[in-house]
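Asks: Sequence and predicted structure, then a few things I'm wondering about:
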Amino acid sequence: MNIINPEKLLRSKWTAVTPHNKEKHFMVTELVRDEQERVVACLLEAVLTRQVYSFPWQTLKNEAEWRMGWK
């Protein structure tokens, strides 16, 4: 399980373990916060296609789906 501080996710880089549509490398471009300013989701932008996806930040903890950095 990846250990993540949600406050430090912005501009972090991630690699999808099983790429879809040739999208393997991603960068966190924005953090979505609730009324108490807690991070609830993040926007991931695919490096190759510039497509943006929204995920709950806890999804990145799953090592079966995501790896830290670009590998």
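Replies: Received it, and whenever you're ready, just let me know what you need.
Asks: What does the closest residue to residue 39 other than its chain neighbours show for phi and psi?
Replies: Nearest residue to residue 39, sequence neighbours excluded (C-beta to C-beta, 6 or more residues apart in numbering): residue 6, at 3.8 Å. Where C-beta positions appear, they are placed from N, C-alpha and C, glycine not excepted. Phi and psi for residue 6, reported as degrees, to the nearest 10, are phi -60, psi -20.
Asks: In this model residue 57 seems to touch residue 6, though I could be wrong.
Replies: Yes: counting by C-beta atoms under 8 Å, residue 6 touches residue 57, with 5.0 Å between them.
Asks: if we can go back for a sec, residue contacts, the residue nearest to residue 39?
Replies: For residue 6, the contact set (C-beta atoms under 8 Å, 6 or more residues apart in numbering) comprises 31, 38-39, 42, 57.
Asks: Now for those: which two are most distant?
Replies: 38 and 42 (12.4 Å; C-beta to C-beta).
Asks: The two: who's more crowded?
Replies: residue 42 (25 against 11; other C-beta atoms under 10 Å).
Asks: so what's that one bridging to?
Replies: residue 31, residue 55 (DSSP bridges).
Asks: sorry, back to before: next, show the common contact partners of residue 6 and residue 57.
Replies: Overlap of the contact sets of residue 6 and residue 57 (by C-beta under 8 Å, 6+ apart) consists of 31, 39, 42.
Asks: Identify, from those residues, the entry nearest to residue 17.
Replies: residue 42 (17.5 Å).
Asks: Against residue 65, how distant is that closest one?
Replies: 14 Å (C-beta to C-beta, to the nearest Å).
Asks: got it, and residue 34?
Replies: Using C-beta to C-beta, residue 34 is found at 24 Å from residue 65.
Asks: likewise residue 49?
Replies: Distance from residue 49 to residue 65, by C-beta to C-beta: 19 Å.
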